[in-house]
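In: Let me see the structure of the following:
(one chain, ligands or ions: 2)
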Amino acid sequence: MNAPPNPEDTAPAERQGFWKRFSKTLEAGRQSYVADLKEVFGRPALDAAFWDDLETTLIAADAGVPTAERVVQDLRRQAAGAHLRSPADALGFLKADLVREMEKRPRALKLEGAPAVVLVVGVNGSGKTTTIGKLAYLLRREGRRPLLAAGDTFRAAAIDQLRLWGERAGVEVVAHQPGSDPGAVAFDAVQAARARGVGPVIIDTAGRLHTRTDLMEELRKVRRVLQRLDPASPQEVLAVLDAHVGQNSAQQVKVFQEAIGLTGLAVTKMDGSARAGVVLSIEAELSVPVKLVGIGEGLEDLNRFDPGQYLDALLRMEEAG
Ligand SMILES: Nc1nc2c(ncn2[C@@H]2O[C@H](COP(=O)(O)OP(=O)(O)OP(=O)(O)O)[C@@H](O)[C@H]2O)c(=O)[nH]1
Ligand SMILES: [Mg+2]
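Out: Numbering: from 1, shown residues only. Ligands and ions are numbered 1, 2, ... in the order given. This is a model prediction of the structure:
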């Protein structure tokens, strides 16, 4: 395997590049609510109409009703305590309030194990395989040696797609024949990673409708196989969500959560989505943190989720019309 580039040389610049692109990509979807937010926060007085309109605007940005209500209540308390004098002050407090709330949730990927296993699940076409390819590249740049497992044995094309990502990211792929047992693929991949002293193992799975109980059982079986090899495995079970699905994705997540338990979410296709605020509502509604965010189909279009960067991009008022 080629030596990955020294993460110290590249990581900070690339991370910044990512969040700049993230902010740009939100522009398309921002038009609808940024003008409203700008108008609300540009008003002179913290009056009843301001609080009402702020709540409505946050809901329109897909923050969800409970989050919008909580935030407005918190801000009103701040205003009563004379910490806020104007809507402009309130904007600063709003960001700080949301960041504080989001930073309470543990967001680091658990990648220590012998090897650590990351099981990736989700509905059809949400972006699982693409996210795995990008994640492998991200981890390699950090000096890790991920191994991919082609657990989507449903279609031959799915195995080829993962192999292609393995080549692009410079990581190895363990695969069986189409139609074979995903649990057996997972087993072999973990054994291979142990023999080679590499990790984490990232397991792709077939997309499934959350309503298909037989397919949910298949995921439980993969998890059982992993737990027999190591009771602490899988260290991560990530559900991949398409940002365009918006608040309906909460329902999908709930079913996966109940079926196998989730440790985190990867929200994909934030590029061009008008529903970037959905991260706020999903996290408020389900106790599963967003750990990864995807903004495209390129190798560098995935990053660890960063609440501060996310909220800066979401609530940026400059250059908005
Ligand atoms: N614009 C954009 N497209 C993405 C992103 N992530 C994935 N896609 C595209 O979404 C489509 C589906 O991605 P896959 O990775 O194949 O999704 P999957 O969940 O593995 O699909 P199944 O295995 O069929 O369930 C592909 O055309 C990807 O290129 C993203 O962050 N942004
Ligand atoms: Mg796939």
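In: The longest strand anywhere in the chain close to ligand 2?
Out: Longest among the strand segments of the chain by residue count, using DSSP state E, is strand 236-242. No: under the criterion of CB under 5 Å from the ion, ligand 2 is not reached by strand 236-242; the shortest gap measures 9.1 Å. The C-beta positions use only the backbone N, C-alpha and C, and glycine is treated the same way.
In: Which elements pack onto that strand?
Out: Based on contacts counted as 3 or more CB pairs under 8 Å, 6 or more residues apart in numbering; DSSP states H and E, the elements that strand 236-242 packs against are strand 117-121, helix 128-141, helix 249-260, strand 264-268, strand 290-294.
In: List the strands paired with that strand, with their directions.
Out: Each strand that pairs with strand 236-242, with its direction, by DSSP bridges: strand 117-121 (parallel), strand 264-268 (parallel).
In: show me what contacts Arg220?
Out: Under the criterion of CB atoms under 8 Å, 6 or more residues apart in numbering, the neighbours of Arg220 are 259-260.
In: And it, its phi and psi?
Out: Summarising the backbone geometry of Arg220 under the convention degrees, to the nearest 10, its torsions are phi -60, psi -30.
In: Please work out which residues outside the helix or strand harbouring Val99 touch it.
Out: In this structure, Val99 is located in helix 87-103 according to DSSP states H and E. Around helix 87-103, the neighbours that count as contacts under CB under 8 Å, 6+ apart are 40-46, 50, 54, 71, 74-75, 78-79, 83-84, 280, 283, 307-308, 311-312, 315, 317.
In: how about 6 Å then?
Out: 41, 43, 50, 71, 74-75, 78, 84, 307-308, 311, 315 (CB atoms under 6 Å, 6 or more residues apart in numbering).
In: angle of it against strand 290-294?
Out: Angle of helix 87-103 versus strand 290-294, following axes from the mean of the first three to the mean of the last three CA atoms, to 10 degrees, is 110 degrees.
In: May I have helix 87-103 exported as PDB, CA atoms only?
Out: Extracted C-alpha coordinates of helix 87-103, given in PDB (Å, rounded to 0.1, in the frame of the first residue of the first chain):
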ATOM      1  CA  PRO A  87     -31.900  41.700  17.100                       C
ATOM      2  CA  ALA A  88     -28.300  42.000  15.900                       C
ATOM      3  CA  ASP A  89     -27.200  40.800  19.400                       C
ATOM      4  CA  ALA A  90     -29.700  38.000  19.200                       C
ATOM      5  CA  LEU A  91     -28.000  36.600  16.100                       C
ATOM      6  CA  GLY A  92     -24.700  36.100  17.900                       C
ATOM      7  CA  PHE A  93     -26.500  34.400  20.800                       C
ATOM      8  CA  LEU A  94     -28.500  32.200  18.500                       C
ATOM      9  CA  LYS A  95     -25.300  30.800  16.900                       C
ATOM     10  CA  ALA A  96     -23.700  30.300  20.300                       C
ATOM     11  CA  ASP A  97     -26.800  28.700  21.700                       C
ATOM     12  CA  LEU A  98     -27.000  26.200  18.800                       C
ATOM     13  CA  VAL A  99     -23.300  25.400  18.800                       C
ATOM     14  CA  ARG A 100     -23.400  24.800  22.600                       C
ATOM     15  CA  GLU A 101     -26.300  22.400  22.200                       C
ATOM     16  CA  MET A 102     -24.700  20.600  19.300                       C
ATOM     17  CA  GLU A 103     -21.300  20.300  21.000                       C
END
